[in-house]
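Participant: Build me a structure from this.
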Amino acid sequence: MPHDPSDPAVQEAYQNLIDQTMAQYRALESAGYEFYFAAPETATANPWDDMRELRKHKQMSGFPTEEGHASG
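Facilitator: As a prediction, this is how the structure comes out:
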């Protein structure tokens, strides 16, 4: 599919994605889940640990890409 961000159909599709993602996030917050960014030195390298933390404590950390997985 050609790259065409000015196409109204593309804009609508992305807006739908944004709306659905935010609705899921808000539903999780309403259910008591907490999300936060972890400092690079405390971030886990194991996604299974993150899932256990999420299930047990309703908390999940994220790691900003620019903090270690991107170059510029």
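Participant: neighbouring contacts of the lengthiest helix in the chain?
Facilitator: Using DSSP state H, we find that the single longest helix of the chain is helix 8-30. The contact list for helix 8-30 (CB atoms under 8 Å, 6 or more residues apart in numbering) reads 4, 5, 35. (Glycine included, C-beta is placed from N, CA and C.)
Participant: which stretches of the chain aren't confidently modelled?
Facilitator: Low-confidence segments of the chain (pLDDT under 70): 1, 67-72.
Participant: Centroid-nearest residue for the protein?
Facilitator: Here the mean C-alpha position of the chain is nearest to the C-alpha of residue 62 (CA atoms, centre = their mean), at a distance of 7.4 Å.
Participant: Next, give phi and psi for the spatially closest residue to that residue that is not a sequence neighbour.
Facilitator: Nearest residue to residue 62 in three dimensions, chain neighbours excluded: residue 37, at 5.3 Å (CB to CB, 6 or more residues apart in numbering). For residue 37, the backbone dihedrals (degrees, to the nearest 10) come out as phi -90, psi 130.
Participant: In this model residue 61 seems to touch residue 37, though I could be wrong.
Facilitator: Yes - look at residue 37 against residue 61 with CB atoms under 8 Å: they come within range, at 6.7 Å.
Participant: So between these two, which is more surrounded?
Facilitator: Higher neighbour count among residue 37 and residue 61: residue 61, with 17 against 11, using other CB atoms under 10 Å.
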